[in-house]
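K.L.:
When you get a sec, could you give me coordinates for this:
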Amino acid sequence: MLTIRTPFALTLIASLLLSGAVSAQQNAPTAPQGFLYGVGVGINQEIYQGYKRRVIPLPLIGYRGEKLSVYGPFVTYELAKWTDTVLGDIRINAKLAPRFAGFDDSDSDVFAGMAKRKNSLDAGVSIQFQRDQWTLEAETLADALNNSNGQESKLKLSYTLRSGPLQISPEAGISYATSNLVDYYYGVRQNEVTANRAFYEAGSAFNYHLGLAFSTPIFFGGMTRLGVEHHWYDKSISDSPLTDRDTGVSAFLAWSRFF
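P.N.:
Model prediction:
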């Protein structure tokens, strides 16, 4: 059974499935607090050779308090919050997030004879600006387990439209991954070179995405969220001998409810 992961898209899908499932509740004037449960599924179009798509089922157990939010393995703690007359509501958060990435040499023929690339845990901070229906968020996370010794920074802009019980959220984002991070997951080391797999040392990468999400509280007493995103990958990733695409589409469906 294939277990390949595309690091940047899969981490994003998992984050949306877990934390995005309750984002509409978080943005409400009086957001509910307490323990929650739910389920989610994501589908990702892979860019590694030998694998077309991956289905990611995720059970959801979490907690949302005044400052602490736990959605599965994703943890956010609010360090500071204030309101500016121009910028709106400003939040600074500490974050922990798993990086669902890596591969084994048995996952695909293209990885035969390669050393395992491991999943990891990222830690860092984010700052969020929210004014009216607009939300701008920037975050920087680093590999806390020193598997890749890399970092990834993201900037995301979204807009919220409401029509009755339906919330529609278009979104655009850009991420910057350091060379250590990209090379760990897409590079080919000297001792991994074969006749069909050349040496490759990947550099840093800028990746982009556009997305559209729908949220509604009308099903089964909880929050249902459906979304689709299109990703564009840097040449540093698409030029790797391990990949055969430079774009991909991901979709997710999640439902969550407070106990």
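K.L.:
Is residue 181 within a helix or a strand, and which one?
P.N.:
Using DSSP states H and E, residue 181 sits in helix 179-186.
K.L.:
Would you mind pulling the contact partners of that helix?
P.N.:
Helix 179-186 is contacted by residues 7, 101-102, 117, 143, 147-152, 200-205, 234, 236-237, 240, 242-243 when judged by CB atoms under 8 Å, 6 or more residues apart in numbering. From N, CA and C alone the C-beta is placed, and that goes for glycine too.
K.L.:
Now do that helix, average pLDDT.
P.N.:
Averaging pLDDT along helix 179-186 gives 97.
K.L.:
now it, how far from the chain's geometric center?
P.N.:
Remark: helix 179-186 is offset 17 Å from the chain centroid, using CA atoms, centre = their mean, to the nearest Å.
K.L.:
Stretch 206-223 too?
P.N.:
Taking CA atoms, centre = their mean, the mean C-alpha location of stretch 206-223 is offset from the chain mean by 13 Å.
K.L.:
the helices in the protein, which residues?
P.N.:
Ranges of helices within the chain are 7-18, 23-26, 179-186, 235-238, based on DSSP state H.
K.L.:
Where among those helices is average confidence lowest?
P.N.:
Of all the helices of the chain, mean pLDDT reaches its minimum on helix 23-26 (a mean of 50).
K.L.:
Show me the beta-bridge partners of residue 251.
P.N.:
On the basis of DSSP bridges, residue 251 is bridged to residue 43, residue 228.
K.L.:
Ok, residue 95 next?
P.N.:
residue 76, residue 124.
K.L.:
same thing with residue 206?
P.N.:
Bridge pairing for residue 206 - DSSP bridges - gives residue 176.
K.L.:
Tell me who's in contact with it.
P.N.:
174-176, 234.
K.L.:
any idea how far it is from residue 233?
P.N.:
Per CB to CB, to the nearest Å, residue 206 is found 9 Å from residue 233.
K.L.:
First-to-last residue distance for stretch 236-251?
P.N.:
24 Å (CA to CA, to the nearest Å).
K.L.:
Please state the offset of that stretch from the chain centre?
P.N.:
Distance of stretch 236-251 from its chain centroid, counting by CA atoms, centre = their mean, is 16 Å.
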